[in-house]
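> Next come a sequence and a model predicted from it.
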Amino acid sequence: MSPFWIMVTILVLAALGYVLGRRRAGSVAAGDIRGLHSRPTYYGWNVALFTALPSLLVLLMWVLAQPLVVDRAIGANIPESAVADAGARGRIMSEVQGTAISIGEAVNKGLLTEAEARSLTPDNTALLDRLADEDITLTPNPAVLEAAKDYRSINQNASRTLTGLSLLLALGGFGWAMARTRPDYRARNVVERFIRGFLILCSLIAIATTVGIVLSLVFESYNFFQLYPWQDFFFGTEWTPSFGGGSRLGMLPLLWGTLYISLIALLFSVPVGLFAAIYMSEYATPRVRGVVKPLIEILAGIPTIVYGLFALVTVGPLIRDWIAQPAGLGNSGSSVMTAGLVMGIMLIPFVSSLSDDIINAVPQSLRDGSLGLGSTPSETIRNVVLPAALPGIVGAVLLAASRAIGETMIVVLGAGAMAQTSLNPFEAMTTITVKIVGQLTGDNDFASPETLVAFALGLTLFVMTLALNVAALVIVRKYREQYE
């Protein structure tokens with residue numbers, strides 16, 4: 001039985017345990033639930049939780065450990081003569097897994113019996129040809145084929161063991177919880193402890209995910225700096241990767257393009273979005289607000305590839321023909337200004353919607369007090385509402401900045417892929433995210449510095465975003481102390 005169907009079976013048993021647990025609580029109370037410590041629902045949840053959780057935990061542990069355990073067991077049986085290097089071992093393991101899946105597919109379709117699958121060898125050409133006629137091609141490599149049979153056998157045995165253990169735990173938990181369903185049993189306390197533990201687990205998952213992301217970037221970046229000097233990466237002004245050797249991987253041109261395009265996008269989106277939010281929250285009638293706000297928020301639902309095509313087909317040629325060429329500043333439709341303006345349009349709803357909600361959250365009493373003292377509406381907005389909402393507005397701007405730094409498609413189509421440092425906003429440039437995609441695209445050697453540099457670039461982006469968050473926290477704390 002596959003892990004999916006094991007999980008479905010466990011959940012069905014848990015649902016049955018919930019129903020029977022409630023009924024048993026009613027029966028032991030002799031029809032008077034006032035004699036129970038907890039409501040019957042809690043007794044039902046208690047049985048369901050003890051039925052499901054132990055089995056699901058075992059299932060989760062196996063799903064997480066299975067690739068490591070099985071791959072290690074199979075890898076130990078592959079002869080060293082079949083492995084040229086570490087990279088070849090990884091490719092062979094992928095071939096073993098694919099072959100095992102193909103054998104299982106043939107058995108499920110009735111093309112092979114279990115006995116034939118276990119005795120399959122490269123010498124059995126008739127059987128292999130029969131499978132090839134059904135579009136199931138197996139490798140003729142004896143070592144891979146034997147390892148694939150072992151891989152499938154181990155997984156089948158593990159599946160049987162897992163099925164038996166999971167059902168045993170589920171039935172044991174069901175019986176134990178049903179036996180403890182008594183009037184004095186504190187089922188509500190037990191269920192609430194389960195819920196608290198679940199909430200803590202969710203928090204730990206979020207933390208563990210963040211730690212995992214950071215560690216993966218750090219470890220791969222360390223491998224990169226083992227192969228390429230860190231001084232040349234952080235302070236190099238030339239980006240010319242070459243998988244044939246002699247690469248120059250200086251990140252400064254990419255960093256400059258990222259900051260330049262993001263700055264233009266923020267200079268456009270923050271004023272427009274903030275002023276739109278002020279108008280909708282302080283001046284617009286409910287009818288106008290009900291029309292304008294949804295129209296602005298539609299921009300957030302447009303795919304970034306559509307923005308990129310808009311930059312490539314419309315905005316870029318307009319800027320080139322109306323501004324860049326007449327002023328003698330450039331002849332290309334792909335430029336920093338093109339990508340920055342289109343990205344700014346994309347960011348308007350992020351700034352506008354968040355700022356509008358934050359401004360509306362400012363207590364009306366502050367406005368009334370300012371107006372009662374003789375201030376005009378504009379003075380009230382400038383001197384009372386905006387300072388009180390500033391921490392939230394800073395958060396909205398930070399979200400927009402992070403979104404701008406991580407954007408890829410608009411830059412690819414609107415700004416080009418030229419890694420250079422220039423003050424001219426009408427020239428083509430590129431960003432860190434574009435080059436990360438470029439270095440990880442294609443059939444490249446994962447152990448080469450030209451590929452590993454993508455992780456160093458990703459770590460750089462992470463540090464930039466972290467710095468933005470720290471700066472925002474400093475600003476928020478400074479102004480929040482004045483208004484609390």
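Yep, it's here.
> give me the low-pLDDT residue ranges for the stretch 201-350 of the chain?
Scanning the stretch 201-350 of the chain for pLDDT under 70 picks out 244.
> can you pull out the strands in it?
Listed in chain order, the strands of the stretch 201-350 of the chain (DSSP state E, counting those that start in this stretch) span 239-240, 248-249.
> Ok, which of those comes nearest Thr285?
strand 239-240 (52.6 Å; Cβ to Cβ). (Glycine included, C-beta is placed from N, CA and C.)
> deepest of the strands of the stretch 201-350 of the chain, which one?
strand 248-249 (a mean of 19; mean count of other Cβ atoms under 10 Å).
> right, and Pro183 touches Ser38 too?
No. If you go by Cβ atoms under 8 Å, Pro183 and Ser38 don't touch, sitting 9.5 Å apart.
> Compare the two (neighbour count), which wins?
Relative neighbour count places Ser38 above the other of Pro183 and Ser38, with 20 against 16, counting by other Cβ atoms under 10 Å.
> Tell me which residues touch the spatially closest residue to the more buried one that is not a sequence neighbour, please.
In space, and not counting its chain neighbours, Ser38 is closest to Arg188: 3.7 Å by Cβ to Cβ, 6 or more residues apart in numbering. By Cβ atoms under 8 Å, 6 or more residues apart in numbering, the residues touching Arg188 are 37-39, 42.
> mind checking how far Arg188 is from Tyr18?
Distance from Arg188 to Tyr18, counting by Cβ to Cβ, to the nearest Å: 15 Å.
> same check, this time on Ala52
10 Å.
> Neighbour count for the two, which is higher?
Between Ala52 and Tyr18, counted using other Cβ under 10 Å, Ala52 has the larger neighbour count: 23 against 20.
> How many neighbouring residues does the residue nearest to the more buried one when sequence neighbours are not counted have?
Nearest non-adjacent residue to Ala52, counting by Cβ to Cβ, 6+ apart: Ala14, 3.8 Å away. The tally of other residues near Ala14 (other Cβ under 10 Å) stands at 22.
> what about Glu379, how many neighbours?
13.
> Which positions within the helix or strand that Asn46 is a member of qualify as buried?
According to DSSP states H and E, Asn46 maps onto helix 40-77. For helix 40-77, burial by neighbour count (16 or more other Cβ atoms under 10 Å) applies to 40, 42-56, 58-59, 62, 66, 70, 74.
> Next: stretch 149-156.
In stretch 149-156, counting by 16+ other Cβ under 10 Å, buried: 149-152, 154.
> So Val463: helix, strand or coil?
Three-state call for Val463 (DSSP: H, G, I helix; E, B strand; the rest coil): helix.
> and it, how far is that from Thr431?
Val463 is 15 Å from Thr431, by Cβ to Cβ.
> of those two, who's got more company?
Thr431 (32 against 11).
> show me where the stretch 351-484 of the chain has helices.
Assigned by DSSP state H, counting those that start in this stretch, the stretch 351-484 of the chain shows helices spanning 364-372, 377-380, 386-405, 409-414, 432-440, 449-483.
> about what we covered before: ok, the residue nearest to Ala52 touching Thr51?
Yes. At 4.6 Å, Ala14 and Thr51 qualify as touching, with contact defined as Cβ under 8 Å.
> Quick check: neighbours shared by the two?
Shared contacts of Ala14 and Thr51 (Cβ under 8 Å, 6+ apart): Ala170.
> thinking again about what came up before, which other helices and strands does the helix holding Asn46 contact?
Counting by 3 or more Cβ pairs under 8 Å, 6 or more residues apart in numbering; DSSP states H and E, the packing neighbours recorded for helix 40-77 are helix 3-28, helix 86-108, helix 142-179, helix 187-227.
> Worst mean pLDDT among these?
Note on these: lowest mean pLDDT is at helix 86-108, with a mean of 70.
> buried residues in it?
For helix 86-108, by 16+ other Cβ under 10 Å, it's 92-93, 95-97, 99-100, 102-104, 106.
> any idea of the angle it forms with helix 40-77?
Using axes from the mean of the first three to the mean of the last three Cα atoms, to 10 degrees, the inter-axis angle of helix 86-108 relative to helix 40-77 is 120 degrees.
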